[in-house]
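**Student:** dropping the sequence and predicted coords here.
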There are 2 protein chains.
Amino acid sequence: MAVAYTIGLDYGSNSVRAVLLDVRDGRQLGTSVWNYQHGQAGIILDESHPNLARQHPQDYLDGATATIHDVLKQAAKDSSFFTKQVIGIGIDTTGSTPLPINADGVALALLPEYSNNPDAMAWLWKDHTAHEEAQQLTEAAAKSRPQYLAKCGGRYSSEWFWAKILRCSRASPAVSAAAHTWVELADWVPAVLTGNTKPDAIKRGICAAGHKAFFNPGWGGYPDTEFLGALSPELARFREALPDRTYTVADAAGTLSDEWAQNLGLPAGITVAVGAFDAHLGAVGSGVTANTLVKIMGTSTCDIMISPMSQGMADVPGLCGIVPESVLPDYYGLEAGQSAVGDIFNWWSDVICPGGKDKASHTNLTQGAADLKPGESGLLGLDWHNGNRTVLVDQRLTGMMLGYTLYSTPAEVYRALLESTAFGARVILERFEEGGVPVKRVLNCGGIAARNPLVMQIYADVFNRPVAIANSLQTCAIGSAIAAAVAAGPEKGGYAKFEEAIPKIVGEPTHVFTPNAEAAAVYQQIFGLYRQLHDSFGIAGTRADLSNVMKDLMDLRDQVRSV
Amino acid sequence: MAVAYTIGLDYGSNSVRAVLLDVRDGRQLGTSVWNYQHGQAGIILDESHPNLARQHPQDYLDGATATIHDVLKQAAKDSSFFTKQVIGIGIDTTGSTPLPINADGVALALLPEYSNNPDAMAWLWKDHTAHEEAQQLTEAAAKSRPQYLAKCGGRYSSEWFWAKILRCSRASPAVSAAAHTWVELADWVPAVLTGNTKPDAIKRGICAAGHKAFFNPGWGGYPDTEFLGALSPELARFREALPDRTYTVADAAGTLSDEWAQNLGLPAGITVAVGAFDAHLGAVGSGVTANTLVKIMGTSTCDIMISPMSQGMADVPGLCGIVPESVLPDYYGLEAGQSAVGDIFNWWSDVICPGGKDKASHTNLTQGAADLKPGESGLLGLDWHNGNRTVLVDQRLTGMMLGYTLYSTPAEVYRALLESTAFGARVILERFEEGGVPVKRVLNCGGIAARNPLVMQIYADVFNRPVAIANSLQTCAIGSAIAAAVAAGPEKGGYAKFEEAIPKIVGEPTHVFTPNAEAAAVYQQIFGLYRQLHDSFGIAGTRADLSNVMKDLMDLRDQVRSV
């Protein structure tokens, strides 16, 4: 195989990361992170609108330049590296993070008259200003287009494409009128790098369109104009400007333009892959295969699986999305998630517990939690502090803890919070299997997976399955670099298929946590109680008898302590 | 009315308090506290038996001497005071706190051979070593003597007389064999002061016997020998040594013996009243009348009401006790309680929250909690951190909190904990009324009532009734002094009846908290949700739909915040 390199660009919430790797074996020759310069940690906020979170598109451009310069400089230290051997760039981003562009293909916020207008910038995934609009989209679809909801778990989110566009049309009619179309960040960066920024030239990825914009080949692509027009004429206008087809990450968005080749110091004409969301390319960079559940674990968690399209796929209630080829070609991409995981641990450690903002507190709590046996505290919680994304798809659920005594300690509650997220994760795992997608391997990646062995052991014990840890903290950027290698294709030195590229580029898991039989047996009992609470508080009409819950936990506690 | 003084002795968990007052108007001429010298803060503990809590009877004697000397010294500063004008002593104690005595009437722990044996000492109310024995007593009564359980809320407690005696017979057969009988502390102190320590001479009070030892005139006094003998021959032997009748606090246990007159510096022959429990005489010292609910609020809460015996009284499920004349003659004494109140606040402040053991934390939390509106946090808890005494009578229930978000603060949770105890208190209040005992006045006393206006306002708002605060922190000792005045009788300078003494001696409430209509309306809604949780987790077979709970709280939160 010829010498060839690709670059993966990973646009996160606060920074962009680049990685440059050897496509033959995945060896990394450079890696670089650049923090966005606008707003607070890269996010434009507004004190009077706590739900608002925007980003300035200039940061995306400056970040690409800075990080690619940096990785090239690092790679140049390797005497066998030549810039002309770089064959492609792949891109992943947060999402849904749409931004408005004009008829000339210029992002509005890059025009002087809109450069300080947050509504003209990118609407970051975690912007929740559109919660009413999301509700209206959900209600309208429930009434007349239930098939739309069936593919996105039953509810349209305020984080998503159409809700944000509808919101902007109401909150900022002038910005809306100046926009010719809206583009997901994952589509916009490839468009810019290839010079294909004219609305009709942009190649939109199936990942963003399918998971966040009601796109599905089954009903002919994006939602129909009648449906959207009933909500707002602006939505109908934007719908009309959208194409009928989308692309996968195996496709090229185009080739690197002369202007950007110059900017980046790379050869013009190399492949730029179609973009996708970070979680999806993160799954690729972790080594996703059929029947592998990839969990990207951070402040929240995203779960990705793929299922061969040849086998067909029924709708699975509660999954955030079932989208053909959103992860890999020829596979359905399935997405689920937990709205808060690390955020819950941080809340307990930083907001509630002794030590306050002192970072030492996390360490102390983890140490105290590690000293406890499963079931020993008698505590059991529901991990809904930020609502429940999968399988209940309900933002208006809240966190819960029971089993408190006058002797309950901060470390006991901390461990119960860790466990509660593991129980929530098991409900998702079981839902995948109930939906006909068997889970034969669990592969965790992200910050918590890499840094918190206690949490990983708890997950292995609660699942009663081995839990493997992906071998890199840069799985998203690596996944993007893999996409670049596949989009470039074998004739340029890349690969024909992801199935060929992944085993070469992605290393073995750094560690596999195996379940402890004793712990798993205790958790099996507690998980039954978790399901009782989960269904009672989360599913209308459940009517379970809960009078056993506290006593069963206490019996278990007494048993565990007496051993 | 002639000049006359009485002394009230109040035996608490860690110290004894004496108060000397003018029976004409309740003016206090002296007050004194003496800390028990044995063990930790007066309590003998055993690391290998965490349920064990004992006291050395020598402390009770030394404490009487020390505090009475001290109040006499203080009173002597008043030139109108003469020791010979002291007409009586009344006694209240913790309970059930039984101690074993021999046939000569000597407490075993006062004999050299037993002086270091915890089993021979007083078994303090909070000793829970007898939990298995309590369970056996409950089961035996449920099978063959259901009437016994009906008068004590349906379950015999490990804190009570027979359970402890049965425990001792098994754990310490030698001590049990050396005991001729067991005496409640409330009966033992009057016996000692009057010199009537011989088993047959001891006048036992109805308060301890009725609430803790299955005594009821309805079935001829103490439980029958057959019932007790089936559990242990030792119980049968102790039953045989018990008298057939008991006395009220209006009765004299005897007169002060020469020896103790000498010890205390008081005239021999003055009246010593029959003793009772602290909560019951605390209700007297607070100014109890028919239809007044007296709440003694501290680490836990005891609720006392009285109901005229002329009206009759049905059993009320869940009340800890319904005992004729256990508070005042001619009235049923009704007891209820919450196993933890202040203890829950302390747990949050001292164990869980920032600031740790720093006392400032309580102040900060209270300030933060006071700044919140009812319903504003979206949080709702169950106050069962130490089980539920009334109305569920279930030690194996635990605390719970729901409504947590990633933004929930320590002060919000603290307020929700305060509120949860108020909701628990309202369940008790309503149970009294459901049992045919209307509550026309709520009178709170104890440390929390005196020192925490925020808690008192929350209680008034949750009850939607005025809540009056008793005008003294020494209501128990004052109640004992009142008992002494009544037991002495008018011919000695006292009173013929409690109904005459109380209005003269007990002052008006220091403050009345009146409900805020807006807050009461919000709490009315939240209380409905509390009842849903209370019944679902506390009562088998409830099977309620709980899917509304989190959402109703969030709706309420949004409403309150939008005002």
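**Tutor:** Structure's in. What do you need? Residues are numbered from 1 along each chain as shown, chains lettered A, B, ... in the order given.
**Student:** could you export stretch A:362-376 as CSV, CA atoms only?
**Tutor:** The C-alpha trace of stretch A:362-376 is given here as CSV (Å, rounded to 0.1, in the frame of the first residue of the first chain):
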residue,chain,number,x,y,z
HIS,A,362,-14.2,14.4,42.7
THR,A,363,-11.2,12.4,43.7
ASN,A,364,-12.4,12.0,47.2
LEU,A,365,-15.8,11.0,46.2
THR,A,366,-14.5,8.5,43.7
GLN,A,367,-12.2,7.0,46.3
GLY,A,368,-15.1,6.7,48.8
ALA,A,369,-17.4,5.3,46.2
ALA,A,370,-14.8,2.7,45.2
ASP,A,371,-14.6,1.4,48.8
LEU,A,372,-18.3,0.5,48.7
LYS,A,373,-19.8,-2.8,47.6
PRO,A,374,-22.8,-2.9,45.3
GLY,A,375,-26.0,-2.6,47.3
GLU,A,376,-24.2,-1.6,50.4
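**Student:** neighbouring contacts of that stretch?
**Tutor:** Under the contact criterion CB atoms under 8 Å, 6 or more residues apart in numbering or on different chains, stretch A:362-376 has outside partners A:345-346, A:348-349, A:353, A:355, A:409-412, A:414-415, A:418-419, A:452, A:454, A:458, A:461, A:519, A:522-523, A:525-526, A:553, A:556-557, A:559-561, A:563. In this view, the C-beta of every residue, glycine as well, is placed from N, C-alpha and C.
**Student:** repeat that for 7 Å
**Tutor:** For stretch A:362-376, contacts defined as CB atoms under 7 Å, 6 or more residues apart in numbering or on different chains pick out A:349, A:353, A:355, A:409-412, A:414-415, A:418, A:454, A:461, A:519, A:522-523, A:526, A:556-557, A:560-561.
**Student:** so which helix or strand takes in residue A:443?
**Tutor:** Element membership of residue A:443 [criterion: DSSP states H and E] is strand A:441-445.
**Student:** in its sheet, what does that strand sit against?
**Tutor:** When pairing is defined by DSSP bridges, strand A:441-445 lines up against strand A:292-297 (parallel), strand A:467-469 (parallel).
**Student:** hang on, the earlier thing: among the contacts of stretch A:362-376, name the ones in helices.
**Tutor:** Of the contacts of stretch A:362-376, the ones assigned to helices by DSSP state H are A:410-412, A:414-415, A:418, A:454, A:461, A:519, A:522-523, A:526, A:556-557, A:560-561.
**Student:** looking at these, which one is closest to chain B?
**Tutor:** Nearest to chain B among the ones in helices among the contacts of stretch A:362-376 is residue A:410, at 5.6 Å by CB to the nearest CB.
**Student:** what is the neighbour count of that closest one?
**Tutor:** When neighbours are defined as other CB atoms under 10 Å in any protein chain shown, residue A:410 has 22 of them.
**Student:** state the pLDDT value of it.
**Tutor:** The model reports residue A:410 with a pLDDT of 93.
**Student:** can you map out the helices along the stretch 101-250 of chain A?
**Tutor:** A:131-144, A:146-150, A:161-171, A:173-178, A:185-194, A:206-212, A:225-231, A:233-240 (DSSP state H, counting those that start in this stretch).
**Student:** any low-confidence regions in chain A?
**Tutor:** For chain A, the stretches with pLDDT under 70 are A:354-360.
**Student:** quick check: residues of it near chain B?
**Tutor:** By CB under 7 Å from any CB of the partner chain, the residues of chain A that approach chain B are A:340, A:343, A:347, A:351-354, A:356, A:378, A:385-386, A:396-406, A:409-410, A:536-547, A:549-551, A:554.
**Student:** picking up where we left off before, which of the contacts of stretch A:362-376 are buried, as a PyMOL select command?
**Tutor:** To isolate the buried ones among those in PyMOL, judged by 16 or more other CB atoms under 10 Å in any protein chain shown, type:
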select buried, chain A and resi 349+353+355+409+410+411+412+414+415+418+461+519+522+523+526+556+557+560
